[in-house]
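1. Show me the folded form of this:
(chains A and B)
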Amino acid sequence: MTAVETSSSERVTGQRLLRREDPELLTGEAKFVDDLAQQDVLHMAIVRSPVARAKIISIDTSAARAIDGVVGVYTGRDLKDLWQQPMPCAWVVTPDMKNPAHFPLAVDSVNYMGDAVAVVLANDKVIASDAVASIEVEYEELPPVLDLEESATDKVVIHPELGTNTSYVWALEPDNAKLEAAFSSAAHVVKGRFVQQRLIPSAMEPRGLLIVPQPYGGEYTLYSSTQIPHILKIMIAVTLGISESKIRVVAPSVGGGFGSKLNVYAEELLAFTLAKKTGKPIRWMEERSENALATVHGRGQIQEIELAADSDGKVLGIRANLLADMGAYLQLLTPGVPLLGGFLYHGLYDVAAYSFKCTGLFTNKTPTDAYRGAGRPEATFAIERGMDLLAHEMGIDPAEIRRRNFIPKEKFPYSSSPGLVFDSGNYLPNLEMALEKVGYSKLREEQFQLRSQNSKKHLGIGLSCYVEMCGLAPSKVLASLNYSAGGWEAATVRLLPTGKVQVVTGTAPHGQGHETSWAMIVADRLGINPDDVEVLHSDTSISPHGLDTYGSRSLSVGGTAIFMATGKVLDKARQIAAHQLEVAPEDLEYQDGNFSVKGSSEKKMALGQVAFEAFTAHNLPDGMEPTLEATTTWDPPNFTFPFGTHIAVVEIDEDTGDVKLVKYVAVDDVGNQINPMIVEGQIEGGIAQGVGQALFEEAIYDESGNLLTSTLAEYLVPSATELPNFELGSTFTPSPSNPMGVKGVGEAGCIASPPAVINAVVDALSTFGVKHIDMPASPEKIWNAIHQD
Amino acid sequence: MQISTTVNGLSHTNEVEARTLLVHYIRDVLRLTGTNVGCDTSSCGACTVLLNGESVKSCTVLAVQADGQEITTIEGMASESGLHPIQKAFQENHGLQCGYCTPGMVMAAASFLHENPSPTEKEVREALEGNLCRCTGYHNIVKSVLAAAGEMGGAR
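-> Just a heads-up that it's a prediction; the model follows:
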């Protein structure tokens, strides 16, 4: 493994350093947004639509207003003149994309169960919720559109002003003639139709906020349980017409996000507006059942994929066609999410002909948006199920069909038919390591034995090889996708007069351990103890520039910015040390926090001393500015492309349809690793979320559009009993796109695991002629599949 | 209604409404905010505390039911000499990421290890079934609890 460049004789990066974040989280001292003390605060509560689609006939707030302690009640009509712009959607994926205007409170109509219709402010949390219960809204119910294929027919149009339920059609068709040729010359064509069910992200901390008008200067401080304090600040400024200089956004301890807190939400805009109106601090904390309705959902697609292969099983062409559920409105990134997978439906296979088409459709359900993996789990699922279908049709082992199709090592950097350049990859050894680790041939023998004994226990082995594009993102590529922001990240590294180092990052961690990992990067580069490095983040007053944390971008983009800024600081420090030691900068060596003159053990200067000299500025080179700090804004030249192999082993009970995940092996290649302990933690959590999608989780609506899974009693987030220990391994293929050779790991686990588990389930049931089971593969679905004629 | 409780060794006497949940008493009246609320159906376990030494989900207990009782919250676990062995094991085994479920996990583990000082992996998983975590996949939580059992003298 090539390692990250270091000035330390004891390398810090690559070590399993324990997290500095942990002690306060473990003792209850950490402050999540609902823990922040605030006097004289008003509590906000929201009246939500109990129906999927209706006209609002009237709203009677008189009973609520009469309750002692209620300070204000507002409807959409009351506030409609206060919005400068509708709720923001930052991704206009096609020039003619349809985007219904959508305000924080509905004015005339509601379009999903949970749509906000009125807001209450009260002196007390309980009074606020009593007031919500006393508000009477009269609705004229309209027929809802719940099914994607039905939505596409436009028989009922949800937003009449748009004239259609189709938001956009986005196609990536690099060479249709080539694709047609691939299909017409193919020896084998396999087709799959897969449902990516809607998921509820279910971060353990629901959303919440506290907004405090400052007593001086006209500034508002918004504390929000968000992944994106910087983007949120800009979007509040735009939507409410407030100067950015008057807005400070702070993300305190944030209890998980998984994409669901990568958004600009109605409640944030409402609270801001009402704080302005009342001049009072306002607090709001989402209840779990509210979270299920009012926080974005993930996935929600119907996928059709076709693979054309030659007689050796070499895939010649791939055609993918998606219907993607936008939900009732477009949130911040809604339309772009399925397209993030649109370049990856050929997975890590060398496929010459390709086409992808996605139709974004409105339904009367909660808006969808980014959820861990965002488009890439869907793509990986389709191609990995497709490869198994092909292997099955040809009677080839699933591992062998993959070997035959991998992009060979020699082809990197690899220009893919959809138009990406894969930075680096070495897929075969990664697959072989996973097969070895799981004991693949032994498992196949065991499976054979069980089958020949006519056992009622069915063993299934499922492979999933994945590649993903992460490290969002090169700004020019985002421009070509009509995304209305860049993909850079900013960092400042500052040596303080005391010799301690302060790092300011634009990333916004919510469980990823950035404070620990960023300190490790700087400590290694400067050859100092990580304890001497402090990392500041998630406060727009401290870090004015940043694009926050999502899309497995923080290390490869934000970490690189820190690495580069540290290099700049070191260069300046070298100039100062050379000046004071009266030698040329190139005559200095730097190791373990000390500059020393080459060949002399006496003439040296510690970095801390240089920092103090930079502060006093008593003796700096002519023309040099005082202080020792540097800022870098890093715009990556390319995405990064982590990859790996996951293998799931399941046992299915024929009589009950129950699936037990008995073994899970994951071998991931995320390039160089800064802190392997944190890398493993990310993979493990991701696997669990993907297993949740494969076996348990689904946002279920009834035929009227009521969400039936609005609590954690009905929406089945996996518990410890449903999961095994995971057996992990790593290969190391550094990325050439950044100086540390890092890739990204936040989403890998949940990208790889759903197809591994479903391939295992289908493998177990193959003796019953079962070719596919849609997710979640519940006992009921499996039992029915076994017992169908 | 007036209630008297002993929380983390300190006595309190407070006025509460009859409908006040124990978790709201702990968080809003006593301002001990380490105990988190993650759901409204007693499913997630984030609010787990010890009531007379046994773990309870403090969202399923009324504050008035805790009258005259002893409560331990996450704030009562560490001592002047440092983190409790369970807390330490969670740090050493990376048993937490965002940390929101962590106080409840630690309290559930404390109660469980008191009942079963030398559990198997399967027993740990079963014991923690009522505590949900969305970040870790439980792998390192289970490892942490087993390590804590070893540290506290109950290793198999």
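
2. Can you get me a residue count around residue A:421?
-> Neighbour count for residue A:421, taken as other C-beta atoms under 10 Å in any protein chain shown: 14. From N, CA and C alone the C-beta is placed, and that goes for glycine too.

3. typo on my end, it should be residue A:419
-> 12.

4. again, but for the one 3 residues further on
-> Residue neighbour count, defined by other C-beta under 10 Å, stands at 20 for residue A:422.

5. From residue B:65, how far off is it?
-> Distance, residue A:422 to residue B:65, using C-beta to C-beta, to the nearest Å: 60 Å.

6. Would you confirm that residue A:686 contacts residue A:756?
-> No - if you go by C-beta atoms under 8 Å, residue A:686 and residue A:756 don't touch, sitting 11.8 Å apart.

7. and those two? which has more neighbours close in?
-> The residue with more neighbours, out of residue A:686 and residue A:756, is residue A:756; 33 against 29, by other C-beta under 10 Å.

8. That one belongs to a strand?
-> No - checked against DSSP: H, G, I helix; E, B strand; the rest coil, residue A:756 lies outside a strand; its state is helix.

9. residues contacting it?
-> Counting by C-beta atoms under 8 Å, 6 or more residues apart in numbering or on different chains, residue A:756 touches A:384, A:462-464, A:646-648, A:664, A:690.

10. 7 Å instead?
-> Residue A:756 makes contacts with A:462-464, A:646-648, as judged by C-beta atoms under 7 Å, 6 or more residues apart in numbering or on different chains.

11. before we move on, what about residue A:606?
-> Residue A:606 neighbours (C-beta under 7 Å, 6+ apart): A:593-594.

12. Can you spell out which residues form a bridge with it?
-> Applying DSSP bridges to residue A:606 gives these bridge partners: residue A:594.

13. At the geometric centre of chain A, which residue do we find?
-> residue A:372 (3.8 Å; C-alpha atoms, centre = their mean).

14. Just give the nearest non-adjacent residue to that residue, would you?
-> residue A:258 (4.4 Å; C-beta to C-beta, 6 or more residues apart in numbering or on different chains).

15. Tell me the confidence at the one you found?
-> At residue A:258, the model reports a pLDDT of 98.

16. State the number of residues packed around residue 85.
-> Answering for chain A, as no chain was given. Neighbours around residue A:85, by other C-beta under 10 Å: 12.

17. To clarify, I was referring to chain B.
-> 18.

18. Averaged over its residues, which helix or strand of chain A has the lowest pLDDT?
-> The least trusted helix or strand in chain A, going by mean pLDDT, DSSP states H and E, turns out to be helix A:475-480, with a mean of 93.

19. buried ones in that one?
-> By 16 or more other C-beta atoms under 10 Å in any protein chain shown, the buried positions in helix A:475-480 come out as A:477-478.

20. any idea of the mean pLDDT in the following helix or strand past it?
-> Using DSSP states H and E, the helix or strand that follows helix A:475-480 towards the C-terminus is strand A:489-495. Taken as a whole, strand A:489-495 carries a mean pLDDT of 98.

21. Tell me which strands strand A:489-495 pairs with, and in which orientation.
-> Partners of strand A:489-495 in its sheet, by DSSP bridges: strand A:501-505 (antiparallel), strand A:628-634 (antiparallel).

22. now could you export just the CA positions of the shortest one as PDB?
-> The C-alpha coordinates for strand A:501-505 follow below in PDB (Å, rounded to 0.1, in the frame of the first residue of the first chain):
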ATOM      1  CA  VAL A 501      -2.700  24.200  15.200                       C
ATOM      2  CA  GLN A 502      -6.200  25.200  14.400                       C
ATOM      3  CA  VAL A 503      -7.900  23.600  11.400                       C
ATOM      4  CA  VAL A 504     -11.100  25.100  10.000                       C
ATOM      5  CA  THR A 505     -13.000  22.800   7.600                       C
END
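
23. after that strand comes which helix or strand?
-> That would be, after strand A:501-505 and using DSSP H and E, helix A:514-526.

24. Please name every helix or strand in contact with whichever helix or strand comes after that next one.
-> The C-terminal neighbour of helix A:514-526 among helices and strands, as given by DSSP H and E, is strand A:533-536. If contacts are counted by 3 or more C-beta pairs under 7 Å, 6 or more residues apart in numbering or on different chains; DSSP states H and E, strand A:533-536 sits against strand A:501-505, helix A:514-526.

25. touching chain B at all, the last one?
-> No - when contact is scored as C-beta under 7 Å from any C-beta of the partner chain, no part of helix A:514-526 falls within range of chain B; the minimum is 10.3 Å.
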